[in-house]
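# What would the 3D arrangement of this be:
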Amino acid sequence: MIYLDYAATTPLRREVLAEMMPYWTEEFGNPDSLHACGRRAAYALRTARDSIAELVGVSPSEVYFTSGGTEADNWAVRGIACDGARGGALLSPVEHAAVHVPAARFRSRSGMCSVGEDGVVSPDHVRDLLVHDGGMSLVCVMAVNNETGCVQPVAELAEAAHACGAYFFSDCVQAACACDLKELAGCCDALSLSAHKLGGPKGVGALIVRKGVPLSPLIVGGEQERGLRGGTSNVAGAVGFACALRLAQQEREQFVRHTGSVRTLFEQRIADALGQEVRIDGARRSPNISHMTFARGGTAFLDVLDLNGIACSGGAACSAHSAAPSHVLMAMGRTAEEAVRGVRFSFGLQTTEREAEEAARTVIGCYRKFRRE
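Next comes the predicted model:
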């Protein structure tokens, strides 16, 4: 099997596992316990929080641990916009469902901006919408789209939001390996991260919220996370998250060069062979994601690729079991019929040029056979 679904999840790095292991075995204490075992766990949790804060360029008190990116996205929308004084969130149409669904469910007053055919949100468009509707308290635009890899102009979008008195939140789950998190955090009032997208464990993430931004509790009944998210802290997960994030940021330039190189090779081979029968989607893309729309495709084509040893996806793993057209491609102006024919290939540092070559040959062969049937 050739794994080209790193945007869905990544393998746990050995260095990360090694740092986590003690907190599943001999150092298993509850960090809220007052005895020595608990104090050692509390120290590990505090150290992990300090490390993440330093890597992101924020204060440790601005880092809130969650169970992952979905929870962090939900919390940002519900905790900042939906329960705020003015309420209401302006969303991009290409956001993850973890942003769209809570905005629709927990607040009737939410708005939607638009994206161009390139998948990018215009800061001027956002500013115009906010001026027209002064009731929006939060703007939500993800830094890197999880389907197409399109990179948004976060700094300019945040500036437009702030000029109109709104907070700015960015889902940065797909950005942590390829982008400078300090630059992103310097623009945003809140951002979300998830460990398993960057070689860390599943089941842990973070919501970063700048001091002074109102944040309502997510889970009540415990004093954890400054009383805003009750529940026993995932010490091993936090330790692994901090280690994975440190490694990802240290290797960021290498990651950008390597994934960009193998993606270019992969895309060029397929484009040369299939010509007008394939379209590479989006512009200004993160180097590790390649989204292609084929003239014929859909879930049946994904099944063929799977049977031939290519692990890829039609888009977000969270909605992989749905046959509905991609809301991201629809927002970019594609028809519903086109929006079910997309395939996302995503690459990691582990992806070799040989794998990219072999994967491209397999995709080409599978598509030609699939097209004839």
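# end to end, how far does stretch 188-198 reach?
Counting by Cα to Cα, to the nearest Å, you get 21 Å between the two ends of stretch 188-198.
# Give the buried residues for the helix ranked longest in the chain.
As assigned by DSSP state H, the longest helix anywhere in the chain is helix 252-274. Buried residues in helix 252-274, counted by 16 or more other Cβ atoms under 10 Å: 252, 255-256, 258-260, 262-263, 266-267, 269-271, 273-274. (Glycine included, C-beta is placed from N, CA and C.)
# Quick one: residues in contact with it.
Helix 252-274 has contacts (Cβ atoms under 8 Å, 6 or more residues apart in numbering) with 177-180, 248, 278, 280, 287-290, 292, 294, 345, 347-349, 351-353, 355-357, 359-361, 363-364, 367.
# switch to 6 Å and redo it
Residues from elsewhere that reach helix 252-274 (Cβ atoms under 6 Å, 6 or more residues apart in numbering): 177-178, 278, 280, 287-288, 290, 347, 349, 351, 353, 356, 360, 363-364.
# could you point out which element follows it?
Counting by DSSP states H and E, the element after helix 252-274 in chain order, helix or strand, is strand 278-280.
# strands paired with that following strand, and their directions?
Strand pairing for strand 278-280, using DSSP bridges, gives strand 289-294 (antiparallel).
# what's the angle between the strand it pairs with and helix 252-274?
10 degrees (axes from the mean of the first three to the mean of the last three Cα atoms, to 10 degrees).
# Please save the CA atoms from the helix or strand just after strand 289-294 in CSV.
Per DSSP H and E, the first helix or strand lying C-terminal to strand 289-294 is helix 299-307. Extracted C-alpha coordinates of helix 299-307, given in CSV (Å, rounded to 0.1, in the frame of the first residue of the first chain):
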residue,chain,number,x,y,z
THR,A,299,-16.7,6.7,-4.7
ALA,A,300,-16.4,3.8,-7.2
PHE,A,301,-13.1,5.2,-8.4
LEU,A,302,-11.9,5.6,-4.9
ASP,A,303,-12.7,1.9,-4.3
VAL,A,304,-10.7,1.0,-7.4
LEU,A,305,-7.7,3.0,-6.1
ASP,A,306,-8.0,1.3,-2.7
LEU,A,307,-8.1,-2.2,-4.2
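# tally of neighbours for the residue nearest to Val126 when sequence neighbours are not counted?
Closest residue to Val126 apart from its sequence neighbours, by Cβ to Cβ, 6 or more residues apart in numbering: Ala160 at 4.7 Å. By the criterion of other Cβ atoms under 10 Å, Ala160 has 25 neighbours.
# Name all residues that make contact with Ala160.
If you count contacts by Cβ under 6 Å, 6+ apart, then Ala160 has 123, 126-127 around it.
# Check which helix or strand Val126 maps to.
helix 123-132.
# helices or strands up against that helix?
helix 154-163 (3 or more Cβ pairs under 6 Å, 6 or more residues apart in numbering; DSSP states H and E).
# and the angle from the helix holding Val126 to helix 154-163?
Using the same axes, to 10 degrees: helix 123-132 against helix 154-163 is 20 degrees.
# got the contact list for helix 123-132?
Contacts to helix 123-132, defined as Cβ under 6 Å, 6+ apart, come from residues 113, 136, 156-157, 160, 164, 166.
# Likewise for stretch 42-51?
31, 60, 63, 233, 235, 238-239, 242.
# for these, which one is nearest Leu17?
Closest to Leu17 out of the contacts of stretch 42-51 is Val239 (10.5 Å), distances taken as Cβ to Cβ.
# okay, and for the chain, where does confidence drop off?
The chain contains residues with pLDDT under 70 at 81-87, 106-109, 315-323, 373.
# now the strands for it?
Using DSSP state E, the strands of the chain run over 2-3, 63-66, 89-91, 110-112, 138-140, 167-171, 190-194, 205-209, 278-280, 289-294, 310-311, 342-346.
# which helices and strands does the last one pack with?
When contacts are defined as 3+ Cβ pairs under 6 Å, 6+ apart, strand 342-346 packs onto strand 289-294.
# tell me the angle the strand it packs on makes with strand 342-346.
150 degrees.
# could you give the angle of strand 289-294 to helix 299-307?
Going by the same axes, to 10 degrees, strand 289-294 makes 130 degrees with helix 299-307.
# For the contacts of stretch 42-51, give me a markdown table that also has neighbour count and distance to Asn308.
As requested, the contacts of stretch 42-51 are exported to a markdown table (neighbours: other Cβ atoms under 10 Å; distance: Cβ to Cβ, whole Å):
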| residue | neighbour count | distance to Asn308 |
| --- | --- | --- |
| Pro31 | 21 | 47 |
| Pro60 | 14 | 48 |
| Val63 | 22 | 43 |
| Ser233 | 22 | 43 |
| Val235 | 26 | 42 |
| Ala238 | 28 | 39 |
| Val239 | 27 | 39 |
| Ala242 | 28 | 38 |
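# Noted, bye for now.
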